[in-house]
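Colleague: Fold the following and give me the result.
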Amino acid sequence: MNTIIIILSVIVGLLILFLILALFAKKEYNIHREITIHATRDQVFNYLKQLKNQDHFNKWIMVDPDMQKTFKGTDGTVGFIYAWNGKKAGEGEQEIMAIAEGKSIETEIRFVRPFVNTANADLHIESISETETKVIWRNASQMKYPFNVMVSMLEKMLAKDMDTSLSNLKNILEK
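Modeller: Numbering: from 1, shown residues only. Next comes the predicted model:
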């Protein structure tokens, strides 16, 4: 009986510690990653504004090749929605919210599973020269209490995956 009380006390103590840590943990993240691609700004922008092209470079999509995908609207235009449902990638949708031709694409990602959340993912494209283009990818969101305790871990994971995706993009566009 004492062993059960000790085990339950440890579990309750860890839960209380988790909840206290979450009170002081940051609730928002805003990650920026960038890469320089040896291609013209128009080539890079026109490729990126087609959300279906993410199938070829985005690590999160590539992790689950058997996921179901549905599309609403015209790809590359405001209002286009790319929705997915998979075992590894979870379920959600990404919608193009705004396009500044040749400069930026703003999207909203709405996650359904494994957890409900909304994030903003924006791509900014800048000419470095006639044949070099910088892509800046920003991903920002908030995590609700007590899940915000995972923000630091999430930032590291997202930054690594965004770097991988940008490297994939560079390899595709520099062929």
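
Colleague: got the buried residues for the helix or strand hosting residue 140?
Modeller: Using DSSP states H and E, the element containing residue 140 is strand 133-142. Under the neighbour-count criterion of 16 or more other C-beta atoms under 10 Å, strand 133-142 has 133, 135, 137-139, 141 buried. Every residue, glycine included, has its C-beta placed from N, CA and C.

Colleague: mind checking pLDDT for the spatially most central residue of the chain?
Modeller: Taking C-alpha atoms, centre = their mean, the centroid of the chain lies closest to residue 139, which sits 5.8 Å from it. Per-residue confidence (pLDDT) for residue 139: 95.

Colleague: same check, this time on residue 143
Modeller: 82.

Colleague: That one: neighbouring residues, count only.
Modeller: 19 (other C-beta atoms under 10 Å).

Colleague: From residue 32, how far out is it?
Modeller: Per C-beta to C-beta, to the nearest Å, residue 143 is found 18 Å from residue 32.

Colleague: Which stretches in this protein count as helices?
Modeller: With helices called from DSSP state H, the chain shows them at 2-24, 41-48, 54-57, 59-62, 151-173.

Colleague: Quick one, which of those gets closest to residue 124.
Modeller: Closest to residue 124 of the helices of the chain, according to C-beta to C-beta: helix 41-48, at 10.0 Å.

Colleague: Would you mark the buried spots in that closest one?
Modeller: 41, 44-45, 47-48.

Colleague: now swap in stretch 167-175 and tell me
Modeller: 168-170, 173.

Colleague: Quick check: phi and psi at residue 64.
Modeller: When read as degrees, to the nearest 10, the backbone of residue 64 gives phi -140, psi 70.

Colleague: Could you check how many residues crowd around it?
Modeller: Around residue 64 there are 15 residues (other C-beta under 10 Å).
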